[in-house]
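[1] Would you be able to build a 3D model of this:
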Amino acid sequence: MSNRTQIVCLHEGENGRSIDPVFINSLLKKLRPSWIRPWGSNVVRTKACGGRKSLIEKMPKELKNCINFGGDTTLMVWADIDDDMNDGDQLKGMFWVEAQAAGITQAEFDQVIFIFAKDRLENWIQFLATGITNESQEGPRVKHGTAVATAAKTLAMRCKGQVKEPPLPPSLAWSCINWNKLVKRMQH
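    Residues are numbered from 1 along each chain as shown. Just a heads-up that it's a prediction; the model follows:
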């Protein structure tokens, strides 16, 4: 891990085939968290982890790496809730079971920021572009980075309170609550 890395983002997908890194980097670059100084190209590191099962298995080791790295290195986990989960809390519980098995304490686990889209990140992109989405159906696939980056910038405006309507879809609202927990923790 680079000595300037301050946010490590694990996500589903494969390197070069996932829109997640574009969305994550665009969002964090636009948000520019106040505790990260100086801002540079290696402040955020994204890591594709394959499917959700693999992501769950890799999370404890990555959390230990962040803790060992010290400072304010934050682990964010980006995943899809999919149809086999009721909500973000249920999926977060699966991560907790794996973390406990790896010797992670509750206090350490509580440092992880979980960002969970209901079905796919594309639902959020659809919502951010049009103001509507149906999280019970998969959003249309997005393959072009420009649309992804534009949606992430729109979300950053929402996170900063510059735009408030229309109401966020449930999984995005759940994830924003987790982001706000990080912001509050880092400001103290």
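
[2] How about residues contacting stretch 180-188?
    By CB atoms under 8 Å, 6 or more residues apart in numbering, the residues outside stretch 180-188 that reach it are 33-35, 72, 74, 113. All C-beta atoms are positioned from the backbone trio N, CA, C, and that covers glycine.

[3] Would you write a ChimeraX line that selects the buried entries of those residues?
    Buried residues among these (16 or more other CB atoms under 10 Å), as a ChimeraX selection:
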select :33,74,113
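
[4] where does the chain have low pLDDT?
    Where the chain drops to pLDDT under 70, the residues are 1-5, 16, 37-41, 71, 162-163, 188.

[5] What is the subsequent helix or strand relative to the longest strand along it?
    When the chain is parsed with DSSP state E, its longest strand is strand 74-80. For strand 74-80, the succeeding helix or strand toward the C-terminus, using DSSP states H and E, is helix 88-101.

[6] Double-check that W35 belongs to a helix.
    No. According to DSSP: H, G, I helix; E, B strand; the rest coil, the state of W35 is coil, so it is not within a helix.

[7] Which of the helices or strands spans the residue nearest to it when sequence neighbours are not counted?
    With CB to CB, 6 or more residues apart in numbering as the measure, M186 is the residue that lies nearest to W35, at 4.4 Å, once sequence neighbours are left out. Assessed by DSSP H and E, M186 sits inside helix 170-187.

[8] What would that helix look like as PDB? C-alpha coordinates only.
    Taking only C-alpha atoms (Å, rounded to 0.1, in the frame of the first residue of the first chain), the coordinates of helix 170-187 have been written out as PDB:
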ATOM      1  CA  PRO A 170     -33.400   2.900   0.000                       C
ATOM      2  CA  SER A 171     -29.900   1.300  -0.600                       C
ATOM      3  CA  LEU A 172     -28.400   4.700  -1.500                       C
ATOM      4  CA  ALA A 173     -29.900   6.300   1.600                       C
ATOM      5  CA  TRP A 174     -28.500   3.400   3.700                       C
ATOM      6  CA  SER A 175     -25.100   3.800   2.200                       C
ATOM      7  CA  CYS A 176     -25.100   7.600   2.700                       C
ATOM      8  CA  ILE A 177     -25.800   7.100   6.400                       C
ATOM      9  CA  ASN A 178     -22.600   4.900   6.600                       C
ATOM     10  CA  TRP A 179     -20.600   7.600   4.700                       C
ATOM     11  CA  ASN A 180     -21.900  10.300   7.200                       C
ATOM     12  CA  LYS A 181     -20.700   8.100  10.100                       C
ATOM     13  CA  LEU A 182     -17.200   8.200   8.600                       C
ATOM     14  CA  VAL A 183     -17.300  12.000   8.200                       C
ATOM     15  CA  LYS A 184     -18.400  12.500  11.800                       C
ATOM     16  CA  ARG A 185     -15.700  10.200  13.100                       C
ATOM     17  CA  MET A 186     -13.000  11.900  11.100                       C
ATOM     18  CA  GLN A 187     -14.000  15.400  12.200                       C
END
